[in-house]
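Asks: Coordinates for the following, if possible.
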Amino acid sequence: MTSTRPLQGQKAVVTGANSGIGRAIAIALGGAGADVVVNYRDGEDAAMEVVRTISQSGSRALAHRADVSREAEVKELFQRAIEHFGTVDILVNNAGLQRDAAFEDLTLEQWNTVIGVNLTGQFLCAREAVREFKRRGVVESVSKAAGKIICISSVHEVIPWAGHVNYAASKGGVMLMMKSLAQEVAPQRIRVNSISPGAIRTPINTAAWSTPEAYAALMRLIPYKRIGEPDDIGKAAIFLASDESDYITGTSMYVDGGMTLYPEFASGG
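Replies: Residues are numbered from 1 along each chain as shown. Predicted coordinates for the structure are as follows:
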């Protein structure tokens, strides 16, 4: 392992990796030496662009389409990863979406879609990863751990979010799924953690930062007074996937500029 490529020789699966946070994580892991399966559901051209970027950094990459809410497609994703790269060392459970509505207008389809991708999808992918980690065990020359799972959650695993009840419920579920799984598989030297981003400059939340007025309103929620960038999450993922964090498991890392510090209480407590 070198300091500039701490994930050299490792194989990663990143779900929802063709845009936004997932794209940044996939490129960061590739730059740190990992070979990466770039999962996507829609947007093949964008996924192939991520593959090219990773390849230019000296790592290998493969794009694979799969809907993480569908069990058969998740199984095929991991089969392809193992056939192509030999194993999987790192899973980044990133794929997620929103279907926002006032609670009384929230449809069962909107509820099921968000829970299906954001929570069930993370379960299905984590289950396949754990099976492969246990089958292979620890390979000391590659990593001190048998495998690493990083769940991409949200500050809304702890901050309620009116008008987004399905999304907040899914992320709250991710938090306790992550912690319970971490407790269960730690004896097998499998580490499970979450990254919980705050406001990040991605296409999904353009309305929150694209005008000076919107940005100023957003800053009232962020003590550090800047929006997060996708690379902030990529750097955190490298750390949690590397042996530098070998004693960390069952933890949510909030990358949020202090959004979870309840900034309203700085002057109004």
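Asks: Longest strand in this protein, please.
Replies: Ordering each strand of the chain by length in residues (DSSP state E) puts strand 190-197 first.
Asks: Paired strands for that one, with orientation please.
Replies: strand 147-152 (parallel), strand 252-255 (parallel) (DSSP bridges).
Asks: For the next helix or strand after that strand, list every residue counted as buried.
Replies: Note on strand 190-197: by DSSP states H and E, the next helix or strand toward the C-terminus is helix 212-219. With burial defined by 16 or more other CB atoms under 10 Å, the residues of helix 212-219 counted as buried are L218, M219. Just so you know, the C-beta spots here come from the backbone N, C-alpha and C atoms, and that holds for glycine as well.
Asks: mind checking the SS state of H64?
Replies: strand (DSSP: H, G, I helix; E, B strand; the rest coil).
Asks: so what's it up against?
Replies: V37, V38, N39, Y40, L77, R80, A81 (CB atoms under 8 Å, 6 or more residues apart in numbering).
Asks: what does R201 give?
Replies: W209, I227, G228, E229, P230.
Asks: Please apply the same query to G20.
Replies: Counting by CB under 8 Å, 6+ apart, G20 has contacts I200, T202, P203, I204, P230.
Asks: just G121 next, same as before
Replies: G121 neighbours (CB under 8 Å, 6+ apart): T15, V68, S69, V74, N93, A95, G96.
Asks: Which secondary structure state does it sit in?
Replies: helix.
Asks: what's the spacing between it and Q110?
Replies: Applying CB to CB, to the nearest Å, the value for G121 to Q110 is 16 Å.
Asks: Check D89 too.
Replies: Where Q110 is concerned, D89 sits at a distance of 35 Å (CB to CB).
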